[in-house]
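>>> sequence first, predicted coordinates after that:
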Amino acid sequence: MKNIGLFGGTFDPIHNGHLHIARAFADEIGLDLVVFLPAGDPYHKDSTRTPTQERLNMVELAIADEPKFAASDCDIVRDGATYTFDTVQIFRQQFPGAQLWWLMGSDSLMQLHTWKKWQTLVRHTNIAIAMRQGDNLNKTPRELHAWLGEALQNGSVRILNAPLHNTSSTQIRADLAKTHHSDGLPQPVAQYIRQHKLYEK
């Protein structure tokens, strides 16, 4: 049975912190493949500044040398708001025999009970959680307590040992706007940004 990890995000731009946690996700869960899913129109975020195709291009450049990584335009080509539940259903149909894992940060876990069809979602995919500094499971909203306790026991939720990096796409965009440079980017992505004059004020 294949183990497939799904890693959704705005990736505006993708940075070294994303690659670090994706590698930890693959290693700690024992994944055959990690699929990066740049967001189209996430309903719970403001519309992204950088066109979807540019963000997909940057993801493809960042993962080109990683044999276990792939990129998908699944969330980009769908019309309207994209929901995690629908994305997981698409991959469930595409890989019917696979075990699916969805990677989320602990900040997303705290909001999970507000997601569309979250109770069905957690029955259709396992979840790997990357903890942000300062977060702990005691802060989880009570709506999630019963599910989370059971899921941690039966192994359908795993907490990654590797923490999320402090690197943020917001900070990188600010650095690029000021100095046209950021240390947090994979080299091919930095080159692409310069070439296409992205994030310049």
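All right, it came through fine.
>>> name the nearest residue to Leu61, sequence neighbours excluded.
Pro188 (4.1 Å; Cβ to Cβ, 6 or more residues apart in numbering). (C-beta placed from N, C-alpha, C; glycine too.)
>>> so for whichever strand or helix holds the one you found, what gets flagged as buried?
According to DSSP states H and E, Pro188 maps onto helix 187-196. Buried residues in helix 187-196, counted by 16 or more other Cβ atoms under 10 Å: Val189, Ala190, Tyr192, Ile193.
>>> can you lay out those residues as TSV showing distance to Pro141?
Shown next, in TSV, are the buried residues of helix 187-196 (distance: Cβ to Cβ, whole Å):
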residue	distance to Pro141
Val189	35
Ala190	38
Tyr192	39
Ile193	37
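>>> farthest pair in those?
Ala190 and Tyr192 (7.4 Å; Cβ to Cβ).
>>> now do the shared contacts for these two.
Common neighbours of Ala190 and Tyr192 (criterion: Cβ atoms under 8 Å, 6 or more residues apart in numbering): none identified.
>>> circling back: show me how far the helix holding Pro188 is from its chain's centre.
Centroid displacement of helix 187-196 relative to its chain, using Cα atoms, centre = their mean, to the nearest Å, is 21 Å.
>>> Leu19 - how many residues pack around it?
Leu19: 18 surrounding residues under other Cβ atoms under 10 Å.
>>> all numbers from here: first residue = 48
In the new numbering, first residue 48, that becomes Leu66.
>>> for the host helix or strand of it, packing partners?
Assigned by DSSP H and E, Leu66 belongs to helix 63-76. For helix 63-76, the elements it packs on are strand 50-56, strand 80-85, helix 99-110, strand 146-152, strand 173-177, judged by 3 or more Cβ pairs under 8 Å, 6 or more residues apart in numbering; DSSP states H and E.
>>> tell me what the last one is packed against?
Put plainly, it is strand 173-177. So strand 173-177, by 3+ Cβ pairs under 8 Å, 6+ apart, packs with helix 63-76, strand 146-152, helix 153-156, strand 204-206.
>>> okay, those in CSV with distance to Gln136 and mean pLDDT next?
Below are those laid out as CSV (distance: least, Cβ to Cβ, whole Å; pLDDT from 0 to 100):
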stretch, distance to Gln136, mean pLDDT
helix 63-76, 21, 97
strand 146-152, 10, 97
helix 153-156, 19, 94
strand 204-206, 19, 98
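>>> and among the ones you listed, the most buried is which?
Of all these, strand 146-152 carries the top mean neighbour count, a mean of 21, counting by mean count of other Cβ atoms under 10 Å.
>>> any idea of the pLDDT on the nearest residue to Gly144 once chain neighbours are set aside?
Once flanking residues are discounted, Gly144 sits nearest to Met48: 5.9 Å by Cβ to Cβ, 6+ apart. Note on Met48: pLDDT of 83.
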